[in-house]
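1. Predicted structure and sequence below. I'll ask about it afterward.
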Amino acid sequence: MRFDQHTVVLLARPADAPELPRDAADRLQAAHLAHQAGLVEQGLVLAAGPFVDTDDERLRGLVVLSVHRDMARELYHNDPAVRAGQLEARVVSWMVPEGDVRFEGVPIPRSMLEAAAGD
């Protein structure tokens, strides 16, 4: 059997994440979304999105990338939310039977406003 290998980044909230005022947290979230959308536009991110209804509230989201895990680690080291200590990136390689998972290139939101609009 042949396998496809993808790089997955689990975004988690560190236990020692600094508390931010609401307006600063909103600006940081917008910068995080813009960073991810830029990676999608470059063809580096195949899929990304937040977790909901998790058993572990620290787990915030998942990203599947088309790059080697070292490059993924570097890309997410530069994510504004990671740099600010609001998120940490846990990078793993994920193998699935060849062709089992397909990514359709659907755009992701660049801002909370875009996400809330649902368009």
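-> Perfect, I can see it now. Residues are numbered from 1 along each chain as shown.
2. Enumerate every residue touching V9.
-> Going by C-beta atoms under 8 Å, 6 or more residues apart in numbering, V9 touches L62, V63, L65, A72, Y76, A89, R90, V91. Backbone N, C-alpha and C define where each C-beta goes, glycine included.
3. Swap in 6 Å and give it another go.
-> Each residue near V9 by C-beta atoms under 6 Å, 6 or more residues apart in numbering is listed here: V63, A72, Y76, A89, V91.
4. List the contacts of the last one.
-> Listed by C-beta under 6 Å, 6+ apart, the contact set of V91 reads V9, R69, A72, R73.
5. what do you get if the cut-off is 7 Å, keeping everything else the same?
-> Contacts for V91 were tallied using C-beta atoms under 7 Å, 6 or more residues apart in numbering; they are T7, V9, R69, A72, R73.
6. Regarding it, what is its secondary structure?
-> The local conformation at V91, judged by DSSP: H, G, I helix; E, B strand; the rest coil, is strand.
7. who's it bridged to?
-> V9 (DSSP bridges).
8. Pull up the gap between it and A12, please.
-> Taken as C-beta to C-beta, to the nearest Å, the spacing of V91 relative to A12 amounts to 11 Å.
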